[in-house]
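Asks: One predicted model, sequence on top.
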Protein chains: 2
Amino acid sequence: MVTIRDVAQASGVHVSTVSRTFSAPHLVSAETRNRVLAVAEGLGYRPNRAARALTTGRTHNLGLIVADIANPFFPPLIKAAQAQARERDYHVFVADTDENPLMEQELIETLCKQVDGVLLCSPRLSNRVIERLRAQVPFAVVNRRVKGLPTVLMDVGQGVRAAVEHLADLGHRRIALLSGPSGSWTSEEMHATATDAAAEAGVELTVLRPNEPTEQGGLAAAAAVAGSGMTGVLCHNDLVALGLIEGLRERGLSVPGDLSVIGVDDSLPGRLNRPKLTTITMPTAAAGRMAVDLLLAAVNAGDAATAALARLETTLIVRESTGPAAPSALPARLPASPAVR
Amino acid sequence: MVTIRDVAQASGVHVSTVSRTFSAPHLVSAETRNRVLAVAEGLGYRPNRAARALTTGRTHNLGLIVADIANPFFPPLIKAAQAQARERDYHVFVADTDENPLMEQELIETLCKQVDGVLLCSPRLSNRVIERLRAQVPFAVVNRRVKGLPTVLMDVGQGVRAAVEHLADLGHRRIALLSGPSGSWTSEEMHATATDAAAEAGVELTVLRPNEPTEQGGLAAAAAVAGSGMTGVLCHNDLVALGLIEGLRERGLSVPGDLSVIGVDDSLPGRLNRPKLTTITMPTAAAGRMAVDLLLAAVNAGDAATAALARLETTLIVRESTGPAAPSALPARLPASPAVR
DNA sequence: GTGAAAGCGCTAACAG
DNA sequence: CTGTTAGCGCTTTCAC
């Protein structure tokens, strides 16, 4: 391994001069700098960032923790975060918690010594634990509110509101919300906004929960939805929506003919599905970039940190999985006179 | 930050004893060990892996480099690799090259000082460059043959052979291969095997290349496929297949009615698509786990390394996107008497 | 079984 | 502008 010392020797200067050529070039005469650079290049020298971290206290590494890498919601976020970090000369550790809060905590604790900050994406950990852990390492969070922490929220409420209104406009009077895992801010937010919006639109909302945030969860929920008299379903994410559509189909129900289904994420599988899924966009790539920037700002600010909060817009994209409520699907036990908005 | 020194002081022993309690517990009396452990626990001490790396030369970190995190082929592999690494007490840096060989090289060079080994998944770099770089850091590769390197191959040839025979059995006589990016071993392997299998099955094979390994690539290829007289298409991956099906549909052609389409990967979008995609499984999770183990073995063996090569099976999964060749689609210019197998 | 001391590769005052 | 020195947190001989 070629070290700073080899370069110093080969170029006839002291190690500190070599160090300076890399970490504070303006403090070195152009002549020496060029010579050192040339020698370093020739020897194939690369600074050892771990050693540097020991003296500077900065690792130039970030941790990125997600619940499930294979959930199509995350890859675009990971990709963007990682690209943005690299732009800022940071490398990123990516870790998957398997939706397990304990693993999440363990991960944070082992990672924290090796990174300057940790990005928590849709964490499953309680706020209480997060607040305790923040003494160890700076955090930024995506899709979770923790006071005092740099936060990026994808304002799913906007999309949910539009989705409920969209269903109401199509004549749906009884709608369901297939909720996500507990501990998920997005899930709570969807619940709250959907409840509000349903009341305003004068439609009846049933919340079915909790469901795994996967196609399996959606598939399993089909039993509860079919024959319930509900004709519009808002799902925790696209995967759940796709699973639900499949489960409905197995029961001889068609989408959007018999029921309308809406997902969340605007993920690849949803875009490629037939019928194309009506869904709520989640600006995951933007969130990844922004979260990295907020995190880095907090890292560099140190104590002077003023926790920023970014709210990213979400919008409803109407495609093919929603349509007019089928009269035939209207239940006999329809409330006497639902307020039409 | 609580260091080994704080623990030493608080428990009335020397730092080296604390060090030993963590890295060689058997060299410490049970009594002192327990006391040190208790104190460390109380203080919330966690060893600093970067500092440890400086003396041991082992970072306990791995690098994982992929062409595109958002390509659904990779997330299951990343997830599995990362989980397996953690099992072995390793953390992993994940980096995306955006399909850019130069970025891949740059990444390897900046990462190499911080990791004990690098996992190259479907690299876009030439073998020549990889062989030069291996002096810097141990490698393992997935889906690429580099002699002397621990390798995991997903034997796509098996699946391709089965796919071509499947199309031939269904009566297809002119088939196309929508090839992937150059530099991709998988793509070359598919090409070679498909050519062989087509000759044996007595069908005519046309290779269309190169295509972006995305739905866009497939969509764009639809123009060349439609009206060409080819009735069966084997695509570089599921995404291309899905894009192609979409492009065909836009031209009024149905799958599997007018043409049969086969993908590769058995990815989520393919499974959820209608028609369900006939595809070739790629054991990505198994490959991720195995590659990590081979890499770690190479890292630990040092010079004594004997490069292992693992070949993982792939199989054809027949679903709904393939069917009998439509007589109407048979071209007038059919070769006089194609050998029927 | 435990302490002492050297050193991993690098940076950061401080002199000159 | 460049050299000297000390030290980051930890492991690892080598003594005792």
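Replies: That came in fine, so what should we check first?

Asks: tell me what the lowest-mean-pLDDT helix or strand in chain A is packed against?
Replies: Within chain A, confidence by mean pLDDT, DSSP states H and E is lowest for helix A:268-272 among all helices and strands, at a mean of 89. Under the contact definition 3 or more CB pairs under 8 Å, 6 or more residues apart in numbering or on different chains; DSSP states H and E, helix A:268-272 sits against helix A:238-250, helix B:238-250, helix B:268-272. Every C-beta, even on glycine, is put in place using the N, C-alpha and C of the backbone.

Asks: close enough to count as contact, A:Thr151 and A:Ala140?
Replies: Yes - in this structure, A:Thr151 is within contact of A:Ala140 by CB atoms under 8 Å, at 7.1 Å.

Asks: More neighbours: those two, which one.
Replies: Of the pair A:Thr151 and A:Ala140, A:Ala140 is the one with more neighbours under other CB atoms under 10 Å in any protein chain shown, namely 29 against 23.

Asks: Quick check: which element contains that one?
Replies: strand A:139-142 (DSSP states H and E).

Asks: go on, A:Ala176?
Replies: Using DSSP H and E, the element containing A:Ala176 is strand A:174-178.

Asks: Specify the next element, helix or strand, located C-terminal of that strand.
Replies: Next along the chain after strand A:174-178, taking DSSP H and E as the criterion, comes helix A:185-201.

Asks: As PDB, could you dump the C-alpha coordinates of that following helix?
Replies: Below are the C-alpha coordinates for helix A:185-201, written out as PDB (Å, rounded to 0.1, in the frame of the first residue of the first chain):
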ATOM      1  CA  TRP A 185     -45.800   8.200   9.300                       C
ATOM      2  CA  THR A 186     -47.100   7.900   5.700                       C
ATOM      3  CA  SER A 187     -49.700   5.400   6.800                       C
ATOM      4  CA  GLU A 188     -50.900   7.600   9.700                       C
ATOM      5  CA  GLU A 189     -50.900  10.700   7.400                       C
ATOM      6  CA  MET A 190     -53.000   8.800   4.800                       C
ATOM      7  CA  HIS A 191     -55.400   7.700   7.400                       C
ATOM      8  CA  ALA A 192     -55.900  11.200   8.800                       C
ATOM      9  CA  THR A 193     -56.300  12.900   5.500                       C
ATOM     10  CA  ALA A 194     -58.500  10.200   4.000                       C
ATOM     11  CA  THR A 195     -60.800  10.400   7.000                       C
ATOM     12  CA  ASP A 196     -61.100  14.200   6.600                       C
ATOM     13  CA  ALA A 197     -61.500  14.200   2.900                       C
ATOM     14  CA  ALA A 198     -64.100  11.400   3.000                       C
ATOM     15  CA  ALA A 199     -66.100  13.300   5.600                       C
ATOM     16  CA  GLU A 200     -66.000  16.400   3.400                       C
ATOM     17  CA  ALA A 201     -66.900  14.600   0.300                       C
END
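
Asks: who touches it?
Replies: For helix A:185-201, contacts defined as CB atoms under 8 Å, 6 or more residues apart in numbering or on different chains pick out A:122, A:143-145, A:153-154, A:156-157, A:160-161, A:164-165, A:168, A:175, A:177, A:179-181, A:204-205, A:207, A:209-210, A:234, A:236, A:264, A:341.

Asks: buried sites along that helix?
Replies: A:185-187, A:189-191, A:193-194, A:197-198, A:201 (16 or more other CB atoms under 10 Å in any protein chain shown).

Asks: what's the answer for stretch A:19-39, then?
Replies: Within stretch A:19-39, the residues scored as buried using 16+ other CB under 10 Å are A:19-22, A:28, A:32-33, A:35-37, A:39.

Asks: Now secondary structure, pLDDT and distance to chain B too, for the residues you listed, in a markdown table please.
Replies: Rendered in a markdown table, the data for the buried residues of stretch A:19-39 read as follows (DSSP: H, G, I helix; E, B strand; the rest coil; pLDDT from 0 to 100; distance: CB to the nearest CB, whole Å):
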| residue | secondary structure | pLDDT | distance to chain B |
| --- | --- | --- | --- |
| A:Ser19 | helix | 94 | 15 |
| A:Arg20 | helix | 94 | 19 |
| A:Thr21 | helix | 95 | 17 |
| A:Phe22 | helix | 92 | 13 |
| A:Val28 | coil | 92 | 22 |
| A:Thr32 | helix | 93 | 24 |
| A:Arg33 | helix | 93 | 21 |
| A:Arg35 | helix | 94 | 22 |
| A:Val36 | helix | 94 | 18 |
| A:Leu37 | helix | 94 | 16 |
| A:Val39 | helix | 94 | 17 |
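
Asks: Run through the residues you listed and flag the ones next to DNA strand C.
Replies: With CB under 7 Å from any atom of the strand as the criterion, the buried residues of stretch A:19-39 include A:19, A:22 near DNA strand C.

Asks: can you redo the buried residues of stretch A:19-39 as a markdown table with distance to B:Asp98?
Replies: What follows is these, written out as a markdown table (distance: CB to CB, whole Å):
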| residue | distance to B:Asp98 |
| --- | --- |
| A:Ser19 | 32 |
| A:Arg20 | 33 |
| A:Thr21 | 30 |
| A:Phe22 | 26 |
| A:Val28 | 34 |
| A:Thr32 | 36 |
| A:Arg33 | 32 |
| A:Arg35 | 35 |
| A:Val36 | 32 |
| A:Leu37 | 28 |
| A:Val39 | 32 |
